[in-house]
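Asks: Any chance you can model this:
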Amino acid sequence: MTSRSTTNSAAAKRQSKATAIEHHVTWRTTRDRPLPLVLRQRAYRNMRGHATRSVLRIGSLLIGDAIMLVLAHRMLRVVGDARWFGSAAGDIVRTIVPPNTFNPLEVFAGIIVGLFVFGTYGQGDHRRDPTTMLFGIATGLALNWWHVMWTRPSAYLVLGFAIAALATWMMVMGSRLLLDQVVRRMRPHSLWTERVLVVGTPEHARRLLLSSFCDGTEVNAVGYLDVAAIPADDALGPAHTFPQALRELDVDTVVITGGITDGTVVKFVDMADAAGCQVYMMPTYFNAPGIEPGVTWRGGHALVQITRPGTQSQQLFLKRVFDVIVASMMLVVLSPVMITIAAILKVTSRGPVFFRQTRIGRGGRRFSMWKFRSMVTDAEERRSELTDVSLYRDPRLFKVKNDPRVTPFGAFLRRTSLDELPQLWNVLRGEMSLVGPRPPVPSEVELYAEHHYTRFDVRPGMTGPWQVSGRNNITSFEQVIELETAYIRHWTLWKDFSILLQTVPTVVKMDGAH
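Replies: Below you'll find the predicted structure:
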């Protein structure tokens with residue numbers, strides 16, 4: 001009985017406090033004129049500031065994109081004219097992108113329109129999102145490409161479209177990242193930055209102020225107002241001083257988060273709108289890592305959909321398209337290297353050129369993973385003899401330094417990771433991805449705990465977060481799982497591309513390779 005009365009009393013106090021705040025947040029009158037008029041006089045300046053930032057943002061992005069598109073077109077012409085990389089490269093370019101087929105201005109206009117349609121010139125993170133950028137560029141190119149492919153269908157044109165889209169995407173993404181660095185050096189008092197006032201509980205407000213949202217690149221946070229009756233020491237003041245704060249702190253953007261009733265939110269929005277401020281709400285009930293919210297309307301109600309980016313079907317489809325395009329290109333480019341390796345293997349040691357081993361892939365499915373044979377033919381039968389000398393104490397990982405089963409040429413293949421190249425065939429078959437968790441053998445999976453099965457949510461990869469973070473130098477299986485789980489939950493196409501780029505120097509330096 002005492003517990004229930006205490007709970008009711010606490011609830012009554014919270015309701016009373018919320019009601020008191022709501023009543024205190026009112027329009028007030030200054031000494032000479034009503035505050036609503038004071039705020040409205042600021043509205044024009046705030047709206048002009050927002051418009052100026054939009055023009056600067058869109059103009060800078062357009063200029064950067066235009067420069068990259070001109071450079072891409074210029075490079076294509078130089079290579080096609082055989083001035084770079086010789087006549088062979090020129091023949092390839094002229095085959096996949098026939099001369100005088102596409103009007104450069106029309107292509108540029110199509111790409112810009114595609115980027116606009118996908119919102120990459122707007123506010124927020126969309127203009128840096130690699131997936132959105134790729135879709136925008138591919139859509140813009142398709143506006144020009146479809147007619148040629150419809151009237152003169154050719155596999156070479158499809159390949160040319162894929163290469164053009166990826167090359168343009170990489171160059172435009174590079175210009176966006178460079179522009180971000182320039183903006184960071186202009187902070188904090190440039191026209192790029194918004195003056196932001198946060199309203200909410202100390203816990204939620206501090207979390208936002210310490211996050212990357214307030215890193216100074218686009219936002220200059222002036223502080224927060226506390227919704228509690230007695231504000232915290234680091235707060236600018238209580239919430240009922242909101243109208244005065246808008247005027248005195250030169251605020252043009254308001255973020256509302258946590259602990260505020262609906263009625264009070266409406267009052268905050270009305271006042272902020274009168275002052276020409278942009279208003280944002282930060283939901284506080286899904287702060288789990290890797291969560292991505294999205295608003296959808298159902299039956300006239302705005303619902304927030306909670307998803308993890310790495311588990312969305314459209315993301316997996318995009319990842320698959322990326323794998324097929326890049327793996328196909330790599331097989332064509334590296335085919336002379338693979339033929340040479342196969343010939344050397346035949347000459348230097350007895351046995352087949354390829355080694356196939358059963359591995360566990362996405363959803364626990366078994367498949368045969370291909371590699372160039374780097375060991376003697378009876379290597380699998382001798383594995384049990386080397387368990388005690390494995391680099392890992394954990395039986396779920398196995399690797400031996402100076403493995404006696406490895407042939408001399410096989411040692412070179414393993415150090416350079418060239419033995420992994422046949423897995424491009426696994427990628428094309430859909431059994432593997434270019435980037436992902438490494439596929440384990442069945443005997444290792446038998447020892448897994450429940451949380452270890454997260455690595456089977458996606459296709460296994462030829463390379464992955466473990467490989468670029470230290471390869472065999474990381475000897476803790478739990479650390480491997482943490483790296484792979486973080487990769488899966490925070491997956492983006494840009495992350496895959498970044499890991500592929502990091503793999504190159506890792507392989508060249510042979511870090512942790514045995």
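
Asks: Could you pull out the strands in the chain for me?
Replies: Under the criterion DSSP state E, strands of the chain are mapped to 194-200, 219-226, 237-238, 253-257, 278-281, 292-298, 301-307, 354-360, 366-372, 433-435, 461-463.

Asks: Let me have those in JSON lines, extended by mean pLDDT and distance to residue 379.
Replies: C-beta here means a position set from N, CA and C on the backbone, and glycine is covered the same way. Supplementary listing: the strands of the chain in JSON lines, determined by pLDDT from 0 to 100; distance: least, Cβ to Cβ, whole Å:
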{"stretch": "strand 194-200", "mean pLDDT": "87", "distance to residue 379": "61"}
{"stretch": "strand 219-226", "mean pLDDT": "85", "distance to residue 379": "57"}
{"stretch": "strand 237-238", "mean pLDDT": "86", "distance to residue 379": "72"}
{"stretch": "strand 253-257", "mean pLDDT": "87", "distance to residue 379": "59"}
{"stretch": "strand 278-281", "mean pLDDT": "84", "distance to residue 379": "59"}
{"stretch": "strand 292-298", "mean pLDDT": "69", "distance to residue 379": "44"}
{"stretch": "strand 301-307", "mean pLDDT": "67", "distance to residue 379": "44"}
{"stretch": "strand 354-360", "mean pLDDT": "92", "distance to residue 379": "8"}
{"stretch": "strand 366-372", "mean pLDDT": "94", "distance to residue 379": "11"}
{"stretch": "strand 433-435", "mean pLDDT": "94", "distance to residue 379": "26"}
{"stretch": "strand 461-463", "mean pLDDT": "92", "distance to residue 379": "21"}
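
Asks: closest one to residue 147 among the ones you listed?
Replies: strand 433-435 (31.7 Å; Cβ to Cβ).

Asks: just checking, what packs against that closest one?
Replies: helix 313-348, strand 461-463, helix 493-509 (3 or more Cβ pairs under 8 Å, 6 or more residues apart in numbering; DSSP states H and E).

Asks: could I get the ones you listed as a markdown table with distance to residue 167?
Replies: Below are those laid out as a markdown table (distance: least, Cβ to Cβ, whole Å):
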| stretch | distance to residue 167 |
| --- | --- |
| helix 313-348 | 11 |
| strand 461-463 | 21 |
| helix 493-509 | 12 |
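
Asks: need the strands of the chain in JSON lines with mean neighbour count and distance to residue 424, can you?
Replies: Formatted as JSON lines, the strands of the chain follow (neighbours: other Cβ atoms under 10 Å; distance: least, Cβ to Cβ, whole Å):
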{"stretch": "strand 194-200", "mean neighbour count": "24", "distance to residue 424": "47"}
{"stretch": "strand 219-226", "mean neighbour count": "21", "distance to residue 424": "44"}
{"stretch": "strand 237-238", "mean neighbour count": "16", "distance to residue 424": "62"}
{"stretch": "strand 253-257", "mean neighbour count": "23", "distance to residue 424": "47"}
{"stretch": "strand 278-281", "mean neighbour count": "16", "distance to residue 424": "45"}
{"stretch": "strand 292-298", "mean neighbour count": "10", "distance to residue 424": "31"}
{"stretch": "strand 301-307", "mean neighbour count": "10", "distance to residue 424": "31"}
{"stretch": "strand 354-360", "mean neighbour count": "16", "distance to residue 424": "12"}
{"stretch": "strand 366-372", "mean neighbour count": "19", "distance to residue 424": "9"}
{"stretch": "strand 433-435", "mean neighbour count": "26", "distance to residue 424": "8"}
{"stretch": "strand 461-463", "mean neighbour count": "25", "distance to residue 424": "7"}
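
Asks: Need the ones you listed in CSV (columns: distance to residue 122).
Replies: What follows is the strands of the chain, written out as CSV (distance: least, Cβ to Cβ, whole Å):
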stretch, distance to residue 122
strand 194-200, 14
strand 219-226, 16
strand 237-238, 33
strand 253-257, 15
strand 278-281, 13
strand 292-298, 15
strand 301-307, 20
strand 354-360, 43
strand 366-372, 42
strand 433-435, 29
strand 461-463, 33
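
Asks: Residue 161: which of these is closest?
Replies: strand 433-435 (19.8 Å).

Asks: List the neighbouring strands of that closest one plus their orientation.
Replies: Within its sheet, strand 433-435 is paired with strand 461-463 (parallel), according to DSSP bridges.

Asks: neighbouring contacts of the partner strand?
Replies: Contacts to strand 461-463, defined as Cβ atoms under 8 Å, 6 or more residues apart in numbering, come from residues 420, 423-424, 427, 432-438, 499-500, 503.

Asks: Now with 7 Å, please.
Replies: Strand 461-463 has contacts (Cβ atoms under 7 Å, 6 or more residues apart in numbering) with 420, 423, 427, 432-438, 499-500, 503.

Asks: Also stretch 201-215?
Replies: By Cβ under 7 Å, 6+ apart, the residues outside stretch 201-215 that reach it are 198, 219, 221, 224, 226-227, 232, 235, 255, 257-259, 282, 284.

Asks: Check stretch 74-89 too.
Replies: 90, 93, 94, 97, 99.

Asks: From what I see, the fourth one and residue 161 are in contact.
Replies: No: when contacts are counted by Cβ atoms under 7 Å, residue 97 is not listed as touching residue 161 (8.9 Å).

Asks: distance of residue 351 from residue 478?
Replies: With distances taken as Cβ to Cβ, to the nearest Å, residue 351 is found 36 Å from residue 478.

Asks: Over to residue 340?
Replies: From residue 340 to residue 478 the distance is 40 Å (Cβ to Cβ).

Asks: swap in residue 193?
Replies: Taken as Cβ to Cβ, the span from residue 193 to residue 478 is 42 Å.

Asks: Can you pick out the residue with more neighbours from those two?
Replies: Counted by other Cβ atoms under 10 Å, residue 193 and residue 478 do not tie: residue 193 has more neighbours, with 21 against 12.

Asks: Spatially nearest residue to the more buried one (excluding sequence neighbours)?
Replies: In space, and not counting its chain neighbours, residue 193 is closest to residue 220: 4.4 Å by Cβ to Cβ, 6 or more residues apart in numbering.

Asks: if I pick the one you found, what's in contact with it?
Replies: Contacts of residue 220 (Cβ under 7 Å, 6+ apart): 188, 193, 194, 195, 196.

Asks: residues making contact with stretch 369-386?
Replies: By Cβ under 7 Å, 6+ apart, stretch 369-386 touches 341, 345, 351-357, 359, 400, 405-407, 410, 413-414, 418-423, 425-426, 439.

Asks: Name the spans of the stretch 251-400 of the chain whose pLDDT lies under the cut-off.
Replies: Within the stretch 251-400 of the chain, the ranges that satisfy pLDDT under 70 run 284-294, 299, 301-302, 304-314, 382-400.

Asks: Could you rerun that using 80?
Replies: 258-264, 274, 282-317, 377-400 (pLDDT under 80).

Asks: Neighbours of the residue nearest to residue 149 when sequence neighbours are not counted, how many?
Replies: Spatially, and ignoring its direct neighbours in sequence, residue 149 is nearest to residue 157 (5.2 Å; Cβ to Cβ, 6+ apart). By other Cβ under 10 Å, 18 other residues sit near residue 157.

Asks: can you check residue 122 too?
Replies: 14.

Asks: Now do the phi/psi pair for it.
Replies: Backbone torsions of residue 122, given as degrees, to the nearest 10, read phi -90, psi -170.

Asks: Please identify the buried residues of stretch 265-273?
Replies: Residues of stretch 265-273 classed as buried: 265, 267, 268, 271, 272 (neighbour count, 16 or more other Cβ atoms under 10 Å).

Asks: Run the chain-centre distance for stretch 248-262.
Replies: 29 Å (Cα atoms, centre = their mean, to the nearest Å).
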